[in-house]
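Engineer: Sequence unavailable; structure follows:
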Ligand code: NAP
């Protein structure tokens, strides 16, 4: 053992990777942004809060004798992902990106791809009942909507919000039956989501297909060049093992 492995977290994959590394006897510290009031904590050491940009992260990596970094943040946490890539370049530390694959449309899906939350807000113009599952952050992009909006998030959303907003506080995973019930209860006619991927929140896509509803999907931000990417916790664990950290 030559140092700690830093897992940049906030996802189920990050928690499972931390558990696997702890089981392997690796000295692991997970980092959370601190956005969620009662986060699901991974096994092993945990630190919470931003590092203070690239310079803060570089200083932290040096002070804590980190020997490798796995960026297992959410596919849309582009600020942290870019910061990790810059800090790895500055320190020469090995960095791996663990990112689950995005979703793929199936027969019967009516998916409309957009590049941003602002693009999603434009794409739902003309709909009357919008289910917004893009998370608490970024809801301002939808604030100008006249439609009824059902917002689902883990913690209560903050203004600015669409004028006619119903909030549903819930943390996934959700079943298809849960999603069908919610879509019917609120008479939703369009669903908005980020292309988060994974199974935890995919049931809404199945439910939308079953009800013949269109889904507006926000494309993922690009990954930094030169950073190796794996899709599974097992592959990230093998990468750490191969480095004998
Ligand atoms: P972001 O925009 O990429 O990050 C903004 C800043 O928050 C970063 O520059 C960093 O601050 C801090 N930060 C983000 N993730 C961190 C982490 N794991 N540990 C320490 N600091 C972190 O991120 P975000 O989109 O706000 O997401 C925040 C967290 O929520 C992430 O950890 C992500 O995995 C999780 N999450 C995000 C989404 C989403 O849709 N974006 C969904 C589910 C979960 P400094 O510059 O000060 O270091």
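Structural biologist: Yep, that arrived. Computed from a predicted structure; not experimentally measured.
Engineer: Is the lengthiest helix in the chain in proximity to the ligand?
Structural biologist: For the chain, the helix that runs over the most residues, judged by DSSP state H, is helix 78-91. Yes: shown here: helix 78-91 in contact with the ligand (Cβ under 6 Å from any ligand atom) through 78-80, 83. In this view, the C-beta of every residue, glycine as well, is placed from N, C-alpha and C.
Engineer: Quick check: residues of this protein near the ligand?
Structural biologist: Within reach of the ligand by Cβ under 6 Å from any ligand atom, the chain has these residues: 8-11, 31-33, 35, 50-53, 56-57, 73-74, 76-80, 83, 135, 137, 194.
Engineer: let's go with 8 Å and repeat that
Structural biologist: 8-11, 14, 31-36, 47-54, 56-57, 72-83, 134-135, 137-138, 194, 196 (Cβ under 8 Å from any ligand atom).
Engineer: Of those residues, which qualify as buried by neighbour count?
Structural biologist: 8-11, 14, 31-33, 51, 54, 57, 72-77, 80-83, 134-135, 138, 194, 196 (16 or more other Cβ atoms under 10 Å).
Engineer: For the spatially most central residue of the chain, which non-adjacent residue is spatially closest?
Structural biologist: Nearest residue to the geometric centre of the chain (Cα atoms, centre = their mean): residue 74, 2.8 Å. Nearest non-adjacent residue to residue 74, counting by Cβ to Cβ, 6 or more residues apart in numbering: residue 11, 5.4 Å away.
Engineer: Am I right that the one you found is in contact with residue 76?
Structural biologist: No: contact between residue 11 and residue 76 fails when scored by Cβ atoms under 8 Å: they sit 10.6 Å apart.
Engineer: what's the domain layout of this structure?
Structural biologist: For the chain, automatic domain parsing gives the domain ranges 4-101+222-241, 111-218.
Engineer: Now mean pLDDT too, for those, in CSV please.
Structural biologist: Below are these laid out as CSV (pLDDT from 0 to 100):
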stretch, mean pLDDT
domain 4-101+222-241, 97
domain 111-218, 96
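Engineer: Distance check, residue 76 against residue 242.
Structural biologist: Remark: distance between residue 76 and residue 242 (Cβ to Cβ, to the nearest Å) = 29 Å.
Engineer: doesn't residue 19 make contact with residue 28?
Structural biologist: No: proximity of residue 28 to residue 19 does not meet the contact threshold set by Cβ under 8 Å, at 9.3 Å.
Engineer: Need the residues touching each of these two.
Structural biologist: Common contacts of residue 28 and residue 19 (Cβ atoms under 8 Å, 6 or more residues apart in numbering): residue 44.
Engineer: any idea whether residue 191 is helix, strand or coil?
Structural biologist: Assigned with DSSP: H, G, I helix; E, B strand; the rest coil, residue 191 falls in the strand class.
Engineer: any idea how far it is from residue 65?
Structural biologist: From residue 191 over to residue 65 the distance is 46 Å, taken as Cβ to Cβ.
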